[in-house]
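Trainee: Pasting the sequence and the predicted coordinates here, then a few questions.
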Amino acid sequence: DEEADESVLRERESNRRQKRMRKAFGNILRSKGYMWIAGRDRYVGEWSQSGAVGEISCGGYWYATADKEEWPEPGTEPYEMLMADFDGEELCDRRQEIVFIGQKLDRAAITATLDACQVKRGELPRKPGSGEASGSEEHGWKFDLHFPKDPFGLWESCLASQGR
């Protein structure tokens, strides 16, 4: 039957991908974390992978873009945890933070592959109408980038429930 044939094909494709992943990186059982995606300066990209299944979705917004009233109370443990993740006034809490769990992982290969995914200066144009880059020489160019073929679709709807 057609459904069974499709299921077999999906399983073969999954096995092929897992074999390729194990050869390149080791046996990654699970990975998860957060990332700042080019052109999405307000929103946290949330990464979740288990076996051959992976997903990138909206994980909310960066505190850097939130009103201070939404922040934890200064002096509290949540506030101190937030401040520990801050990288100055410009980047604030925007960052890449992904954890990999597995066996015989090739850290150098994983790191090199993720580093190759990061946008380099001049690689993407700025969003139309955003003007010249502002901010520091080191980080200002990273904001308001235009990703012409954005594979993730709109995330505005996921934040509507958070009142953003």
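Mentor: Nice, I can see it.

Trainee: Next, give phi and psi for the residue nearest the centre of the chain.
Mentor: Centroid check for the chain by Cα atoms, centre = their mean gives residue 35 as the closest residue, at 2.7 Å. Backbone torsions of residue 35, given as degrees, to the nearest 10, read phi -150, psi 150.

Trainee: Specify the beta-bridge partners of it.
Mentor: Per DSSP bridges, the residues bridged to residue 35 are residue 45.

Trainee: That one touches residue 45, doesn't it?
Mentor: Yes: counting by Cβ atoms under 8 Å, residue 35 does reach residue 45; the two are 4.3 Å apart. Backbone N, C-alpha and C define where each C-beta goes, glycine included.

Trainee: ranges for the strands of the chain?
Mentor: With DSSP state E, the ranges of strands along the chain come out as 27-36, 43-50, 53-61, 97-103.

Trainee: Output the ones you listed in a markdown table, with distance to residue 67 and mean pLDDT appended to each entry.
Mentor: What follows is the strands of the chain, written out as a markdown table (distance: least, Cβ to Cβ, whole Å; pLDDT from 0 to 100):
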| stretch | distance to residue 67 | mean pLDDT |
| --- | --- | --- |
| strand 27-36 | 20 | 95 |
| strand 43-50 | 16 | 93 |
| strand 53-61 | 11 | 89 |
| strand 97-103 | 23 | 96 |
